[in-house]
Structures are given as C-alpha cells and as structure tokens.
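[1] Generate a structure from the sequence data that follows.
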Amino acid sequence: MPLFASNVALATIVCTYVFGFFAIIFVAIHLFVRLHLFGKFSIEDISTCFALIVTMGLIGQITWAVVDEGQGEHMADVTRSQFELTAKSLLANEALWALVNACIRLSASLSLLRIFGCVHAFRYQANTFMLFTAIHGVAALIVAVSICHPIQASWDPQVQGSCGDQTAAYVGLEVGGLLLDTYILALPARYVVRLDMRIKRKFIILFVLSAGAVVMVITGFRIAALHRVNSSDFSYDQGYLGLLSTLGALLGVISCCVLSIRPFIRYLQGTFSRRPTDTENHDTIPLEQQQVGKHRDAFEDHR
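    As a prediction, this is how the structure comes out:
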C-alpha cells in the first residue's frame, strides 16, 4: 500500500509542511522586527510564539495520524486498531485547535491594543474580547475531555459509557469562535475610518488588519466538516478536518505577523526609521506612531 492512500492524506501533508515553512519564516521576521528594530518583546509576541509551538504540536499529531493511523483513508482500508487511534486524534485535534486559536486571538487583540490603546473605549472592548477568548478556550478544552464518560468511550465502542452530542458541541464551539473572530476583525474599522489620512491609506490599513479573515473561511469549512465526522466514512472525513485544522492554525499564526512585514521590507531597502523625520514619511511609518493619539478625543466622543 502506498504511503498516502488518498488525495486528502497527500494534500494534508503537502499543505501542512509548505504553510508550516512560511509560518516559521513569518514568525522569524516578526521577532526580528520586534527585537532588533523596535527593541521590544511583549506578551503579544510571547502569545504568537506559543501559538506557533502549539501549531507545531498539531502538525506532529496530524502527521502521525495520517502516516500511522490511517487518517484520510476510507474506512474500508482502515483496521480496527487504526480506527480507534483516529478517533483519539479527534480529541487531540480539537484540544490543540482550541488552544492555538486562543493564542492567536490574544495576540491579535494585544496588537490592536498597541495601536489603539490610547482610546479608552477600545481598551474596554479589547479587554472584554480577551476575557471571552479565555472563556471560550477553557470551554473548548473542557468539552474535548469531558464529552464522553469515561473518556475512552470516545474511541472504543466496547467501553461501557456515554457520550454527549459531539457534533453539536464542537459545532457550537466553532460558531462561538467564528463570532469572536468576526468581532476582532470588525473592531478596529470604526477607528481607522476616523484617522486623518488618505482614503487609499485607510483601505490599505484595513486590508492589513483584516488578514485574519482567511481563518474565518477555514472555520466555516471546519463547521461543515464537523457535521461529517460521525459519518460512515469517519477516518476519511477526519482527514479533511485535520487538513483544515493545520491550515487554519498556520494561516492564523501568519496573520499575527503581517504588521511586521512592512518595517522589515523598509529595513531591507535601507529606509527604515523608528521615528518619522518629516511629513514625507508620514504615510509609511508604523500605524501606532501616527495620529491615533492625536484624535483620541474624537474617538471618545463617538463611543
């Protein structure tokens, strides 16, 4: 039998390691910019690094599941022992997915606080978001380990026990995560549109801050995939879910680093400066060094 018996298994391995390579490069650039160019290393950077570490764990789990456990293969080609291991992988997959998304959301909200933190209303909204992110992450971990009693009943039908509706539970968590992602993407828009800069520049900033929208698309596909996990072709559907999990996690990590790309490019071009020296550079310096603070009172008036 070939190493990868299905297109899903092959696509999972290829996409995982290609995007994993890019995620490592982006995080390295982000750390270079934060440490070398700005001389800072904060909680948001720690959260981004931890998200990458957890994602590497998710990649390892998915790789092992594909290579050894038959994940991504059709049920007719999977042995009983492989099926039980694949079922175990669902728990690990959901737990790691929840943890990495919590880190990504925390990093994103802290990055936005660095930019818009001078606005009291934004600080309140961002801190509330982080609280709900923590609650959602803890809830996801609790569901993953307690949906079945005993936990072995999740993968072994011979174990006497009971399980809740796993599909409903996981889909509910995904919908909650999708709402959180929508909120954090929409939150800075009302403040960006009031900045005193060109319309084109505003659209560019909104586009950069919306880089995480691609993760929302992945989440939507995961919600659809979760409805199929308990189907008669469990191992194959689990392979598709694993592919979406690694893609979503890696793209989320990459999106946390996009704000560092422009300073890095300017550094390579030899035009980087920590502080603006003239009005000509006004539109090319980091957003947090621009006019958010100048318009703080105007923002507060529109709470």
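[2] Show me the shaky parts of the stretch 201-303 of the chain.
    Residues of the stretch 201-303 of the chain that meet the criterion pLDDT under 70 lie in 228-236, 272-303.
[3] so residue 15, which of the three states?
    Put simply, residue 15 is helix when judged by DSSP: H, G, I helix; E, B strand; the rest coil.
[4] So what's the predicted local confidence for it?
    The model reports residue 15 with a pLDDT of 89.
[5] To what extent is it buried, counted in neighbours?
    Residue neighbour count, defined by other CB atoms under 10 Å, stands at 15 for residue 15. Every residue, glycine included, has its C-beta placed from N, CA and C.
[6] what sits against it?
    When contacts are counted by CB atoms under 8 Å, 6 or more residues apart in numbering, residue 15 touches 243, 246-247.
[7] With residue 175 instead?
    Contacts here follow CB under 8 Å, 6+ apart; on that basis residue 175 touches residue 223.
[8] repeat for residue 199
    With contacts taken as CB under 8 Å, 6+ apart, residue 199 has no neighbouring residues.
[9] do the same with residue 16
    Taking CB under 8 Å, 6+ apart as the criterion, residue 16 is in contact with 59, 62-63, 243, 246-247, 250.
[10] related to what we said a few turns ago, and which of the contacts of residue 15 is nearest to residue 46?
    The shortest distance between residue 46 and any of these, using CB to CB, involves residue 246 and amounts to 22.2 Å.
[11] So the closest one: helix, strand or coil?
    Under the three-state scheme (three-state DSSP), residue 246 adopts helix.
[12] now it, nearest residue through space, not along the chain?
    Nearest non-adjacent residue to residue 246, counting by CB to CB, 6 or more residues apart in numbering: residue 16, 4.5 Å away.
[13] which intervals of the stretch 1-150 of the chain have sub-threshold pLDDT?
    Filtered on pLDDT under 70, the stretch 1-150 of the chain yields the residue ranges 1-6, 68-89.
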